[in-house]
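> How does the following fold in three dimensions:
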Amino acid sequence: MLANLYLVSAKSNLAEKSLLDYALAIRRIYEFYIVKSINVELFLIRGNFEFLFGSIPEFFDSYLSNFKLGTHAFNLHVVCLRDFVLWVLKRYLHKNYNNRENYNSILIMNISKFEDLFSTFLLKNKTPNKYFKVIDLEKFERILFHLAKQVNEGASNTVRDTIILKLLIETGIRIGELLNLKTTDIIDENNTSYIKIHSSQIHDSRKYKPRVKNTQSFRIIALSSELSELLYSYIKKERRNNYKVKGSKVPHPFIFTSKLGNPLSKSSINKLFERINLLYNEENEFADRITPHKLRHTFAYNFLKFLIENKGLDMDRAKDELRITCGWSPSSTMPQLYAGKYVWEMANGHNLERINKMYEGNN
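Predicted structure coming up:
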């Protein structure tokens, strides 16, 4: 009961995969206590958090080996359970402490206690920050050039696919955010167009409904004039050209449509990237596969580099702007991923310069 209430009320904005991660982690801790003949939900409802605090370490003791999880997946499940426990804790205290002053002090104390506990379970990622993949922008431009040729040759959906790729590389938005974009989410102000990333409760016919990750993801992002023109042209023309009726009215507000005029699905995005990878791997253009997430990495890294080298911002300010643009919380450590790669590259470049000068002096 509590778990279902939590997922429906507190995590309804999550993408389906993220929602399944939360549900799986919560189910496993319920099963852990069932084996011990303990109704953990009853303990939570009655506020027996001391018991929970003392027994959770045993649950995580063999969790990694029992379910054969990698570091990232394990840490994700730790965070999922931490969020669930803190939600139950806040709900219980809110219902049982009428005195606001007592409520706040007890809440802060318990939250800190459980956050510290869960932080002890998190594993350090063994992969150095510098190893995440970015895409060579010159090679990416050749992809766009190839798609532009297909447009001139009359190929279908190439305008749509070009806009999708440009949106991903220019704004860094997630696939779920892109597929959720509606025609009303384009805003014009002071001769600049923006896209609005937010959640809405409108009908969606797709089986696997894309979702905006969380409320931290709600934001407004500026578009280049070139991309804005492409987007408006697509909405007015190509969006309405489908196999049903050419130029017919589309019965839904989502910007990107399939050949049948339905809201574009994530599987269609996967097919687009499979097509691109097949073509360019055959031509030996790319040693690694291109993925939507690599485009997000590429955007984030190049944006951080631009803010530091072109705008003269210090690293902390650059990371703050990156958090806002990418839809991360103020406390998110994600910008450090890109800062780490940038500093690593700069340090190696400076060291090579030092070594080269040393050898030049000896000649």
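> name the helices or strands packed onto the strand or helix carrying S65?
Using DSSP states H and E, S65 sits within helix 63-67. Packing partners of helix 63-67 (3 or more Cβ pairs under 8 Å, 6 or more residues apart in numbering; DSSP states H and E): helix 71-96. Placement of C-beta: from N, CA and C, glycine included.
> so what does the helix it packs on touch, helix or strand wise?
By 3+ Cβ pairs under 8 Å, 6+ apart, helix 71-96 packs against helix 2-10, helix 16-35, helix 40-45, helix 49-61, helix 63-67, helix 100-119.
> Tell me how far it lies from the chain's centre.
Per Cα atoms, centre = their mean, to the nearest Å, the displacement of helix 71-96 from the mean C-alpha position of its chain is 20 Å.
> and if you look at stretch 34-47?
34 Å.
> Would you mark the buried spots in that stretch?
By neighbour count on 16 or more other Cβ atoms under 10 Å, the buried set for stretch 34-47 is V40, F43, L44.
> Find me the pLDDT at the last one, would you?
In this case it means L44. The score at L44 is 82. That number is its pLDDT.
> what separates the closest residue to it other than its chain neighbours from N4, distance-wise?
Leaving out its chain neighbours, the residue that sits closest to L44 by Cβ to Cβ, 6 or more residues apart in numbering is V88, at 4.9 Å. Per Cβ to Cβ, to the nearest Å, V88 is found 13 Å from N4.
> same deal with V159?
For V159, the distance to N4 - Cβ to Cβ - is 43 Å.
> And for N39?
Relative to N4, and taking Cβ to Cβ, N39 is found at 16 Å.
> now do K166
41 Å.
> which of those two has more neighbours?
Neighbour totals were compared for K166 and N4, and K166 leads with 19 against 10 (other Cβ atoms under 10 Å).
> Now do the more buried one, the pLDDT please.
Per-residue confidence (pLDDT) for K166: 94.
> so which helix or strand takes in it?
Assigned by DSSP H and E, K166 belongs to helix 158-171.
> Would you map out the domains in the protein?
2-126, 135-292, 294-362 (automatic domain parsing).
> Work out the gap between the first one and the centre of the chain.
Taking Cα atoms, centre = their mean, one finds domain 2-126 lying 22 Å from the centre of the chain it belongs to.
> And the lowest mean pLDDT element among the helices and strands of this structure?
helix 100-119 (a mean of 76; mean pLDDT, DSSP states H and E).
> So which other helices or strands are in contact with it?
Helix 100-119 packs on helix 49-61, helix 71-96, going by 3+ Cβ pairs under 8 Å, 6+ apart.
> Pull out the buried residues from the shortest one.
Taking 16+ other Cβ under 10 Å as the basis for neighbour counts, the residues of helix 49-61 that come out buried are F49, L52, S55, I56, F59, F60.
> Once you drop chain neighbours, what's closest to L322?
L322 sits nearest to P335 (Cβ to Cβ, 6+ apart), 4.6 Å away.
> and what of K113?
Residue nearest to K113 in three dimensions, not counting chain neighbours: F53, with 6.9 Å by Cβ to Cβ, 6+ apart.
> what's the pLDDT at the one you found?
pLDDT, read off for F53, is 87.
> and if you look at N98?
Per-residue pLDDT puts N98 at 62.
> same deal with D288?
As predicted, D288 sits at a pLDDT of 67.
> right, and I187 touches S193 too?
Yes: with contacts counted by Cβ atoms under 8 Å, I187 reaches S193, the gap being 7.0 Å.
> Name the surrounding residues that touch stretch 18-36.
The contact list for stretch 18-36, computed with Cβ atoms under 8 Å, 6 or more residues apart in numbering, reads 3, 6-7, 11, 14, 39-41, 55-56, 59, 63, 67, 76-77, 80-81, 83-84, 213.
> Buried residues, that stretch. List them.
S18, L19, D21, Y22, A23, A25, I26, R28, I29, F32, Y33.
> thinking again about what came up before, could you export the helix holding K166 as CSV, CA atoms only?
These are the backbone C-alpha positions of helix 158-171, laid out as CSV (Å, rounded to 0.1, in the frame of the first residue of the first chain):
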residue,chain,number,x,y,z
THR,A,158,14.8,13.4,-43.0
VAL,A,159,13.7,17.0,-42.0
ARG,A,160,12.3,15.6,-38.8
ASP,A,161,15.4,13.5,-38.2
THR,A,162,17.7,16.5,-38.8
ILE,A,163,15.7,18.6,-36.3
ILE,A,164,15.9,15.8,-33.7
LEU,A,165,19.7,15.5,-34.0
LYS,A,166,20.1,19.3,-33.9
LEU,A,167,17.9,19.6,-30.9
LEU,A,168,19.9,17.0,-29.0
ILE,A,169,23.3,18.5,-29.8
GLU,A,170,22.3,22.1,-29.4
THR,A,171,20.2,21.9,-26.2
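> Could you give the separation of the helix or strand following that helix from the chain centroid?
Counting by DSSP H and E, the next helix or strand C-terminal to helix 158-171 is helix 175-179. Its chain's C-alpha centre and that of helix 175-179 lie 10 Å apart, by Cα atoms, centre = their mean.
> so after helix 175-179, what's the next helix or strand?
That would be, after helix 175-179 and using DSSP H and E, strand 186-189.
> Can you spell out which helices and strands pack onto that next one?
strand 192-197, helix 225-236.
> can you list contacts of that strand?
S193, Y194, I195, K196, I220, S228, L231, Y232, I235.
> for the residue lying closest to the fourth one once chain neighbours are set aside, what are its contacts?
Read it as K196. If the residues on either side of it in the chain are set aside, K196 comes closest to D185, at 4.4 Å by Cβ to Cβ, 6+ apart. Applying Cβ under 8 Å, 6+ apart to D185 gives the contacts I195, K196, I197, H198, I255.
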